[in-house]
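# Build the 3D model from these lines:
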Amino acid sequence: MSHITHNEPHKELLMATAITTLIALAGLYIPVVGLLFSVFVPLPILFYRSRLGRPRGVLILVAVTLIVASAMRWRSVTSTVCFFELGLIGLILSEMFEMDLSLEKTVAVTTGVILGTGAVILALYGLISAESLWDQISNYLHGNLELALSIYREMDVSEEKIGILAQSMEGILYVMLRIMPAIVIVSTLLVVWSNLLLARPLLKSRKLFCPDFGALNKWKAPEPLVWLVILSGILVLLPHKGFKLFGANGLIIMMTIYFFQGIAIVSFYFEKKQFPKILRGILYGLIAIQQFVLLLVIAAGFFDVWIDFRRMKKGANDKNESNSQRDY
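Prediction:
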């Protein structure tokens, strides 16, 4: 069965390049909220890759990367690689959709390919550049922190608060560099997950193929992952600095996975209790901006392993008993 529809491909090719470039440039040049635009760079590439086919999908990615690099006057390799990787997420997700893999494999393979590709590109650049990879990342983060500071100044934040932030910059940079593996993995997971959620209704509305992952609000993380949380927690408590960093990175990644499970529980009860869409939007926004509520959602996802908030184990057991009695 073909999942690809062709309709004025050249016109659509230009349209796809224009849309993706606009989103990327918005992510690049709009302060603060621009970061949110960047999250959606993969979506048009995913859609048009599914619609126009693999070669044209690759062409869109290459064109957008060159345009973005040109807009930055070829000065920032790290930013160019970031936007290339974002676009690549769209391509890989579309490939995974066509392979009709499970939800877990789709997310895991896409994330793995993106992380591997990014590491190879930056390592190769590090070999031919006078600047080490560590220095590149450090300078990139420092530049972004300086940018954030200048934005706060424009927003009329008090000089006292700006002074405190400026004095903390070295400390923030120190911590960010050491949890960088977790930041990169978590960011990739969130972008992959967000675009997967948005792509499903978009592809279906245009009658393009999209795997049936089932009801996502019934999703659960594999139970053995609990042991990784426990192991990461133990490593954090050990006196060795390297173990602590390894454990901290592990905990951040696992918290993200249990956030996905927690938000599935929230979505499950929103649907079960038939919450109005406006109220759902307000509550999702509250989860996004309130750290305490966010932690509650993560905790709900983690303890769901034992508490079974959605009573899914009971339902599965009842179904098995019913099948056994029928067989008997």
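# Sketch out the low-pLDDT regions of the protein for me.
For the chain, the stretches with pLDDT under 70 are 1-7, 32, 314-328.
# Longest helix in it, by number of residues?
The longest helix of the chain (DSSP state H) is helix 241-272.
# If you count neighbours, what's buried in the helix or strand following that one?
Where DSSP states H and E defines the elements, the next helix or strand beyond helix 241-272 is helix 277-289. Using 16 or more other C-beta atoms under 10 Å as the test for burial, helix 277-289 gives Ile287. Yep, even glycine has a C-beta here, placed from its N, CA and C like the rest.
# And helix 277-289, what does it pack against?
helix 241-272, helix 291-307 (3 or more C-beta pairs under 8 Å, 6 or more residues apart in numbering; DSSP states H and E).
# Just the residues contacting the shortest one, thanks.
Yep, that's helix 291-307 we're talking about. For helix 291-307, the external contacting residues (C-beta atoms under 8 Å, 6 or more residues apart in numbering) are 220-221, 223, 226, 229, 255, 257-266, 286-288, 309-310.
# repeat that with 10 Å
With contact meaning C-beta atoms under 10 Å, 6 or more residues apart in numbering, helix 291-307 is reached by 219-223, 225-226, 229, 254-266, 283, 286-288, 290, 309-310, 312.
# So what does Leu103 look like in phi/psi?
The phi and psi values for Leu103, taken as degrees, to the nearest 10, are phi -60, psi -50.
# what's around it, how many residues?
Neighbours of Leu103 under the rule other C-beta atoms under 10 Å: 16.
# show me what contacts it?
Applying C-beta under 10 Å, 6+ apart, we find Leu103 in contact with Met96, Trp193, Leu196, Pro211, Asp212, Phe213, Gly214, Leu216, Trp219.
# same check, this time on His240
Applying C-beta under 10 Å, 6+ apart, the residues near His240 are Phe246, Gly247.
# So it versus Thr106, what's the distance?
Distance of His240 to Thr106, given as C-beta to C-beta, to the nearest Å: 36 Å.
# Tell me which of the contacts of Leu103 fall in helices.
Reading helices off these with DSSP H, I get Met96, Trp193, Leu196.
# Quick check: chain neighbours aside, which residue is closest to the first one?
Setting aside the residues directly before and after it, Met96 is nearest to Thr106 in space (C-beta to C-beta, 6 or more residues apart in numbering), at 4.3 Å.
# Report the secondary structure element holding the one you found.
Using DSSP H and E, Thr106 falls in helix 103-128.
# Pull out the buried positions in that helix.
For helix 103-128, a neighbour-count test (16+ other C-beta under 10 Å) marks 103, 106-107, 109-111, 113-115, 118, 122, 125-126 as buried.
# do the same with stretch 178-195
So, applying 16+ other C-beta under 10 Å, buried residues of stretch 178-195: 179, 181-189, 191-195.
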